[in-house]
Structures are given as structure tokens and as C-alpha cells.
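Q: Here is a sequence with its predicted model. Questions after.
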Amino acid sequence: MKPTVFIDGDQGTTGLQILSRLDRRSDISLLTLPGERRKDPHWRAQAINGCDVAILCLPDAAARQAVAAVTRGQVRIIDASSAHRTDPGWTYGFPEMEPAQSARIATASRVSNPGCYPTGAIALLRPLVACGLVPADHPLTVHAVSGYSGRGREGVAAHEGAAAADAPAFLVYGLGLSHKHTPEIQAHAGLTQRPVFVPAYGAFRQGIVLTIALHGRLLPDGADAGRLRDCLQSHYAGAPLIEVLSRAQSDPLDHLDPQALNGSDRLRLAVFANPRENQILLAAVFDNLGKGASGAAVQNLDLMLGPR
């Protein structure tokens, strides 16, 4: 019998992407609610308790309410909101972050889908912290630029609606340094000190470039760009969706295009350096709607459903 999957919030930016991916599949039964019932608590509760796996594409408060509405113990949940990403009772849905994580996700009843920005930051930092090349208490600043779809419907409307001519070309936000993704980055990168996170939106629909600058003089002895790159390449060897550029690939580059991997679920990591000044730049490029959202949710769903 086919497993039943219910997407709660299938008309939002991430929900629509997941729906389009699952709608074509013959190995699952997709449960949807008609328009007039999508926001009705009674019908939503019926749907979530009538499925095998529920994917929540909701604001944080609504996601918590949806989880509270589950009365049938067999229901498994993938939450694409940020409501449960640092909750120890939930499994973090980043399969490649350590060797055993895929198996944890496969057997979990509650999986929290990673945030788009944290996906890049954690992919870069967690292996380096684990290897002892970046101290867990290192003072870090994470800078990231995302396409406007990262703002959800509001961003899409601002850049594609009637007032699109007035939309900003570039916008740095989160100036209070309290972005909701920061605790997620700290927790899952293995950091003991809170990093500074500076996000921005650009006037392009989707794609992310995330960078983290390091001063070599503050790193442990021998922690140069080559060793950092080797650590990342070793960690992600055999991970089909994550590519770590070699020095031969990264050295000729003079820019990074946030849209380079749009339409894919791939994540590209790179290490750049100025050896004379002893400075290093870590970088990640990926589609915020792919590996940063809907692609990750479907990857986690496939792990939870198992071989079919």
C-alpha cells in the first residue's frame, strides 16, 4: 500500500515546490485539501491524522499548532518551519552533516527541515569544528545573500507584482543581530559561541551565496586553506549532492554567482585564500528553494519512507 503524504501549507513558496515534486510520483498517495478547507483547523487535523507523513510548510506558530493536533502515534512529521530546529526531541534533517544522520532521519518520527541559510553555514563549519581546524568558540561572522523568494510570498509579490519597479536591488536586513536562524547555525555547527549572522536579499528570484571569512592567525597551528579544504572533501566524499571544489577549480574564480545551481538540489562548497595575508574565505552556493528548502524536504521524505 502506498504511503500517504499530506502537505500542510501547500500554497506557500516552499509548499508549492514540494507539491510540484511529489505530484508527479507514483510511489506515494498525495493527500490535499480543497481551498475552502486549507485553513480550517478541523479538516487540517483530520488530514494530518489520516496520513503517514505530514510535511509542514507553515509559519512557526501554525507549525506548533499542527504538531499539537496529532493524535495518532504513527503519524511522522517533517517540519519546514524554524519552530523545532533546535528542539532536542526532533531530528535535524541534514543527512550529510555526519555519517549517522541519514539513519537517524530514516527512523525518526519528527524531522526538522534545515533553514536555507543554515544549510550553507552548517555544511561549511560543522566538519571544520569537528576536525579541530576551527575552534568551537571562534568569533565568526556569516554573511549571506539570497534571492527574494527567500522572503516567501511577500518577496515574490514585491519583485514580480505591480510595484516591482520600486523593489530594492539589494537589501541587508537583520540589523538587530537576532535573526531566527542564528541559534540553529550555532547548535548544529557545534559552536559554543553565537556567531554574527548578516543576511541580505538581492533582486533575483532564487539562489544563495554564503561566505565566512577567517583570519588564519586566530586558527590552530597548521589550519591553512589546504587543510580546511581537505577536511571538507573528506567529510563529503560520496555525498552525491555536495561538491567541494578543488584548489584547481577554485583558484581561477574571481566571483561567485548565487544563481549557479538554481533548479538543482546541489550544494557547492569552496575554500579561497590569500596566503600572504593569512586570510581564508569559506563559501557555499546553492538554490534556496532546492537544497535549502523543498529539495531537502523531499530528500528527508525519501529517507523516512525507505527503499521502495
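A: Sure thing, it's come through. The structure displayed is predicted, hence computed values, not measured ones.

Q: Which secondary structure elements does whichever strand or helix holds residue 117 sit against?
A: Using DSSP states H and E, residue 117 falls within helix 116-130. Helix 116-130 sits against strand 141-147, helix 181-189, strand 196-202, strand 208-215, helix 225-235, strand 267-274, strand 279-286, with contacts defined as 3 or more C-beta pairs under 8 Å, 6 or more residues apart in numbering; DSSP states H and E. Backbone N, C-alpha and C define where each C-beta goes, glycine included.

Q: now it, how far from the centre of its chain.
A: Distance, stretch centre to chain centre, for helix 116-130: 10 Å (C-alpha atoms, centre = their mean, to the nearest Å).

Q: what's the angle from that helix to strand 279-286?
A: Taking axes from the mean of the first three to the mean of the last three C-alpha atoms, to 10 degrees, one finds helix 116-130 and strand 279-286 inclined to each other by 140 degrees.

Q: With residue 216 as the reference, measure out to the residue of the chain most remote from its centre.
A: Using C-alpha atoms, centre = their mean, the residue of the chain lying farthest from its centre is residue 276. It sits 34.1 Å away. Counting by C-beta to C-beta, to the nearest Å, the gap from residue 276 to residue 216 is 11 Å.

Q: Alpha carbons of the helix or strand hosting residue 106, as CSV, please.
A: Secondary structure assigned from DSSP H and E places residue 106 in helix 101-107. Provided in CSV are the C-alpha atoms of helix 101-107 (Å, rounded to 0.1, in the frame of the first residue of the first chain):
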residue,chain,number,x,y,z
GLN,A,101,22.5,11.3,10.3
SER,A,102,20.8,9.6,7.4
ALA,A,103,20.0,6.6,9.5
ARG,A,104,18.6,8.9,12.3
ILE,A,105,16.3,10.6,9.8
ALA,A,106,15.2,7.3,8.3
THR,A,107,13.8,6.1,11.7
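
Q: So which other helices or strands are in contact with that helix?
A: On a contact count with 3+ C-beta pairs under 8 Å, 6+ apart, helix 101-107 meets strand 91-92, helix 295-305.

Q: Show me which residues of that helix are buried.
A: Neighbour-count burial for helix 101-107, counted by 16 or more other C-beta atoms under 10 Å, picks out 101-102, 105-106.

Q: again with stretch 119-133
A: Result for stretch 119-133 [16+ other C-beta under 10 Å]: buried residues 119-131, 133.

Q: any chance of the buried residues of helix 101-107 in TSV, plus pLDDT and distance to residue 54?
A: Below are the buried residues of helix 101-107 laid out as TSV (pLDDT from 0 to 100; distance: C-beta to C-beta, whole Å):
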residue	pLDDT	distance to residue 54
101	98	21
102	97	21
105	98	15
106	98	17
